[in-house]
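S.K.: Everything below, folded, please.
(one chain, ligands or ions: 1)
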Amino acid sequence: MRKKVVFITGAAGEVGHALVKYLAKEGSHNIVTMDLRPLPTDLDGLVMEHIVGNLLDKVLLARITTQFEIQAIYHLAALLSTSAEFQPDIAHEVNVEGTLGLLRIAAEQSQWRGEAVKFIFPSSIAVYGMPEIDQSKGLYQRVREWEWNQPRTMYGCNKLYCEMLGEYYSKHYRQLAAEQPVAVDFRSVRFPGLISAFTVPAGGTSDYAPEMLHAAAKGEAYNCFVRPDSRIPFMAMPDAVRALLLLAAAPHENLTRRVYNVRAFSKSAEQFRNRVIEAFPAAEIGYSVNDKRQKIIDSWPADLDDSSARNDWGWQPTYNSERAFEEYLLPNIRQRYADA
Ligand code: SER
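M.R.: Next up, the predicted model:
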């Protein structure tokens with residue numbers, strides 16, 4: 001008998017790290033993880049098996065599907081927006097072909113089980129592309145899911161297309177076949193910038209906020225790569241994990257969409273800097289603007305409208321900005337670097 005498992009890709013990354021900890025604590029699933037890297041040592045013993053390997057390795061994926069009955073996939077592996085601009089072809093392979101391969105597996109396993117495999121997919125604010133006109137971010141404050149879907153980055157294009165593939169596998173896969181296959185249950189959240197107290201991101205464009213905070217906590221000087229007035233929404237990592245789990249658990253009949261905006265608070269780089277300096281008065285935070293990364297941030301909305309997530313599956317962030325700093329970020333980050 002194959003073991004029933006929840007399969008998490010990109011498990012050694014920021015969201016994966018937090019999700020594995022949460023799911024392991026909850027204790028109701030066997031967890032199988034995969035990443036190019038070994039799992040961080042603080043996740044030792046929390047998963048049934050960790051596979052070090054590449055998503056694009058078809059033989060490896062075939063072994064996984066032979067060995068396990070996959071009930072749900074949390075597909076977190078991706079090259080983020082800045083990294084993807086340096087290697088757009090590789091980003092396309094990993095972000096799109098990697099996702100397509102897993103959707104195929106989900107479709108196949110849904111048939112065997114006679115029950116839909118849940119496919120939980122973090123998408124991103126990067127799917128939006130605000131027009132390059134002065135003040136456009138100011139004019140269109142809270143963007144809805146269907147507005148401004150004109151990404152400027154390879155990563156944004158990849159995420160938007162994968163959302164569409166997910167919808168396709170959920171609604172129209174093999175639509176001309178005589179017998180309708182059991183569809184994949186694809187569900188996705190579009191994350192704003194994420195901030196963790198325990199990890200720092202790699203290769204994203206919203207990274208200036210977590211980098212500023214972690215540098216200040218370590219007593220290191222930091223130069224922010226976007227202008228002081230740059231504003232996008234953010235979310236503390238525990239809320240990101242909650243959003244994935246809440247959406248995964250929502251009754252199917254309550255969902256009016258397959259892709260939902262989520263957000264917690266919106267801050268400019270300067271507001272973020274001021275809050276960090278309030279917590280770490282000796283922090284040296286300056287600006288050294290990278291015009292190219294700035295353009296990417298300028299193309300992302302100043303905020304997102306997450307009313308569909310609120311209405312359909314009761315989404316509400318636990319941490320507004322103040323609670324995020326006071327109750328989650330500062331205590332944990334202080335302890336992290338005090339222990340280091
Ligand atoms: N945080 C991501 C990035 O900056 C956006 O989803 O690429």
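
S.K.: could you pull out the helices for the stretch 1-150 of the chain?
M.R.: 14-26, 58-67, 81-86, 88-92, 98-113, 136-139 (DSSP state H, counting those that start in this stretch).

S.K.: what's the closest of these to F265?
M.R.: helix 136-139 (16.0 Å; CB to CB). (Each C-beta comes from the backbone N, C-alpha and C, glycine too.)

S.K.: Quick one: distance of that closest one to the chain centre.
M.R.: 25 Å (CA atoms, centre = their mean, to the nearest Å).

S.K.: Please apply the same query to stretch 143-159.
M.R.: Put simply, stretch 143-159 sits 14 Å off its chain's centre (CA atoms, centre = their mean).

S.K.: again, but for stretch 147-164
M.R.: 14 Å.

S.K.: again with stretch 219-231
M.R.: 22 Å.

S.K.: That stretch - what's its average pLDDT?
M.R.: Averaging pLDDT along stretch 219-231 yields 97.

S.K.: So for that stretch, what gets flagged as buried?
M.R.: Y222, C224, F225, V226, R227, S230, R231 (16 or more other CB atoms under 10 Å).

S.K.: need the contact list for the third one.
M.R.: Residues touching F225, when contacts are defined by CB atoms under 8 Å, 6 or more residues apart in numbering, comprise Y208, S288, V289, N290, R293, Q294.

S.K.: Looking from the ligand, tell me which residue of this structure is nearest.
M.R.: Nearest to the ligand in the chain, going by CB to the nearest ligand atom, is G204, at a distance of 2.8 Å.

S.K.: That residue: neighbouring residues, count only.
M.R.: G204: 25 surrounding residues under other CB atoms under 10 Å.

S.K.: do G45 as well
M.R.: 8.

S.K.: list the helices and strands the biggest helix by length in the chain packs on?
M.R.: The longest helix of the chain (DSSP state H) is helix 154-171. Counting contacts by 3 or more CB pairs under 8 Å, 6 or more residues apart in numbering; DSSP states H and E, helix 154-171 is packed against helix 81-86, helix 88-92, helix 98-113, strand 118-124, strand 185-191, strand 259-261.

S.K.: any residues touching that helix, and which ones?
M.R.: 78-81, 83-85, 88, 91-92, 95-96, 99-100, 103, 106-107, 119, 121, 123-124, 126-129, 149, 151, 183-188, 190, 258-259.

S.K.: just to revisit the earlier point, ranking the contacts of F225 by neighbours, who comes first?
M.R.: Within these, most neighbours by other CB under 10 Å means Y208, with 25 neighbours.

S.K.: before we move on, back to that, for the spatially closest residue to the residue of the chain closest to the ligand that is not a sequence neighbour, grab the count of nearby residues.
M.R.: Setting aside the residues directly before and after it, G204 is nearest to L80 in space (CB to CB, 6 or more residues apart in numbering), at 4.0 Å. By other CB under 10 Å, 22 other residues sit near L80.

S.K.: picking that back up, can you redo the helices and strands packed on helix 154-171 as a markdown table with distance to Y169 and mean neighbour count?
M.R.: Listed next are those as a markdown table, based on distance: least, CB to CB, whole Å; neighbours: other CB atoms under 10 Å:
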| stretch | distance to Y169 | mean neighbour count |
| --- | --- | --- |
| helix 81-86 | 23 | 21 |
| helix 88-92 | 19 | 16 |
| helix 98-113 | 5 | 19 |
| strand 118-124 | 7 | 24 |
| strand 185-191 | 6 | 24 |
| strand 259-261 | 13 | 26 |
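
S.K.: Understood, closing this out.
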